[in-house]
Structure formats: C-alpha cells, structure tokens
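S.K.: Model the structure of this input:
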Amino acid sequence: MGQMTDPDRIWTEAADRLKAEIGDGPYSSYIAPSAVRVDGQGNLILVTPTAYARDWVRQNALRRMNELWLGLDGLSRRLDVRCRAEVGSVLPSSAREVPRLNSISTAPAPAPVATTFAASADGARAVRAAGLQERLTFDTFVEGHGNAFALAIAKQVASWADGHFNPVFFCGPYGYGKTHLLNAIAWEAQRLRPDAKVVYLTAERFL
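M.R.: Down below sits the predicted model:
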C-alpha cells in the first residue's frame with residue numbers, strides 16, 4: 001500500500017473503492033462529477049461542481065476519502081474539498097480544468113439550474129446564446145417511471161398555461177433528466193412564444 005504518487009491514479013482507485021461503499025446513487029450525484037486538482041502550494045483539492053455537493057462530501061464522505069487516499073498515496077498527502085466557484089483564486093491556471101458539466105446525456109450534472117423567461121425580440125438566437133443545447137428537447141427526452149411526472153409538469157410550464165407551476169423546481173439524482181427538461185422547457189417556450197428570452201444559469205450564480 002502507499003506506492004502511488006500520481007493524483008489522478010490515486011483518485012481513480014480511491015473513487016472506485018468509495019463507490020463500492022456508498023452506492024451508485026450518491027457516487028453519481030456527488031463524487032463522479034468531481035475532480036482532484038493541485039493548487040499552487042501543492043495541496044490536493046477535490047473540486048465539486050456546486051457548493052451543495054461540496055457540503056455533502058464534507059459531511060458524508062471526506063473522512064473516508066482521506067482514509068482511502070492515505071492508504072494509496074506514497075507521499076501521505078491529505079485531500080481537501082472545495083466547490084468550483086471557490087477554486088478560481090486558489091488553483092493555478094493550468095489546474096483550472098474542471099470539466100463544465102451541462103448535459104446529463106454526456107456527463108453527470110448535479111448542479112441545480114434555473115431557467116426563466118421574459119419578453120424580448122431576440123427569439124431563438126437568444127436561446128442559443130444562453131448556452132442551451134438544441135438536441136435536448138421534449139422530442140428526445142426518454143420518459144421513465146422516475147421522471148414521468150416531472151415531464152408532464154415541464155410541458156405545462158413550457159406552454160405558459162395559466163401561470164401554474166411557475167416557478168418550478170426539479171430535484172432528483174443523476175440521470176433522471178433534470179438538465180434535459182430545463183433545456184426542453186426553454187426550447188418549447190421559445191417555439192410557442194418567439195419573443196421569449198431565456199436565462200439559463202446555475203443556482204449559485206443566480207443567488
């Protein structure tokens with residue numbers, strides 16, 4: 001034990017062991033979207049996509065993570081955890097390569113996302129400028145037992161029907177379609193009301 005020194009190799013091994021212990025759900029929601037980076041002082045930091053994920057890791061997994069890490073790391077380093085919003089002033093530019101996680105169909109995306117609407121003449125161009133993905137529509141959404149109700153609500157939100165379910169909040173584990181539904185709402189709302197303006201941003205930035 002304790003023969004590896006490369007952080008990426010250590011993290012891969014430690015994360016695999018942690019996944020077996022905590023299960024696929026928590027792992028996919030909080031651990032898989034995170035990445036280990038080294039700051040300017042050589043400290044190891046697990047960078048999570050959101051503050052919520054950071055807090056969950058601190059409360060539920062950081063102690064065990066460090067036990068696993070120390071058992072594998074030949075340099076006996078410890079692991080700290082911070083969210084993506086915190087690391088900009090901490091990590092050197094070469095280390096700020098935490099992947100941007102927007103689409104649930106290509107990478108885990110636990111970050112809550114807000115989609116709001118207002119009148120504008122920008123139309124579809126503004127929707128694309130908001131960073132939405134054109135392939136994430138209601139037509140491409142895969143309905144299942146765990147997301148059927150959310151899909152029905154999302155369609156009603158997108159239709160602007162009676163102002164019900166506005167605002168709406170989607171909450172659930174990785175892979176249930178939260179990001180897809182938010183994109184789909186924006187595209188459908190813009191189709192029904194070409195003057196709609198969409199704002200698409202993380203909950204952290206919204207706050």
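
S.K.: Outside of stretch 153-172 itself, list whatever touches it.
M.R.: Contacts of stretch 153-172 with the rest of the structure, by Cβ atoms under 8 Å, 6 or more residues apart in numbering, involve 112, 116, 138, 146-147, 150, 178, 181-182, 184-186, 188-189, 192-193. In short, each C-beta sits where N, CA and C put it, glycine included.

S.K.: And the furthest pair within those?
M.R.: Pairwise distances among those were taken by Cβ to Cβ; the largest, 29.7 Å, belongs to G146 and R193.

S.K.: all helices of the protein, in order?
M.R.: Assigned helices in the chain, in chain order: 7-22, 24-26, 51-60, 62-72, 84-87, 124-129, 148-158, 178-192, 203-206 (criterion: DSSP state H).

S.K.: May I see the buried residues of the fourth one?
M.R.: Within helix 62-72, the residues scored as buried using 16 or more other Cβ atoms under 10 Å are L62, M65, N66, L68, W69, L70, L72.

S.K.: These into CSV, with extra columns for pLDDT?
M.R.: Conversion of the buried residues of helix 62-72 to CSV gives the following (pLDDT from 0 to 100):
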residue, pLDDT
L62, 95
M65, 94
N66, 94
L68, 94
W69, 93
L70, 93
L72, 93
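
S.K.: Which member of the residues you listed is positioned nearest A32?
M.R.: Distances from those to A32 were compared by Cβ to Cβ; the smallest belongs to M65, at 13.3 Å.

S.K.: any idea how far the closest one is from D73?
M.R.: When distance is defined by Cβ to Cβ, to the nearest Å, M65 is 12 Å away from D73.

S.K.: before we move on, the earlier item: pLDDT check: weakest of the contacts of stretch 153-172?
M.R.: Taking pLDDT as the measure, the contacts of stretch 153-172 have their low point at P112 (41).

S.K.: Next one: W69 relative to R54, how far apart?
M.R.: Between W69 and R54 the computed distance is 17 Å (Cβ to Cβ).

S.K.: closest one to S34 among the helices of the chain?
M.R.: Proximity to S34 (Cβ to Cβ) singles out helix 51-60 among the helices of the chain, at 6.9 Å.

S.K.: W56 touches Y30, doesn't it?
M.R.: Yes - the pair W56 / Y30 is scored as a contact, 5.0 Å apart, by Cβ atoms under 8 Å.

S.K.: More neighbours: which of G146 and R193?
M.R.: More neighbours surround R193 than the other of G146 and R193, with 15 against 12 (other Cβ atoms under 10 Å).

S.K.: Without its sequence neighbours, what residue ends up closest to the more buried one?
M.R.: What sits nearest to R193 in space, not counting adjacent residues and going by Cβ to Cβ, 6 or more residues apart in numbering, is W160, at 6.8 Å.

S.K.: Looking at that neighbour now. What's its pLDDT?
M.R.: For W160, the pLDDT comes out at 75.

S.K.: can you check L46 too?
M.R.: We note a pLDDT of 93 for L46 in this prediction.

S.K.: need the contact list for the residue nearest to it when sequence neighbours are not counted.
M.R.: Leaving aside its sequence neighbours, L46 sits nearest to V81 (Cβ to Cβ, 6+ apart; 4.4 Å). With contacts taken as Cβ under 8 Å, 6+ apart, V81 has the following neighbours: S34, I45, L46, V47, T48, R54, V57, R58, L62.
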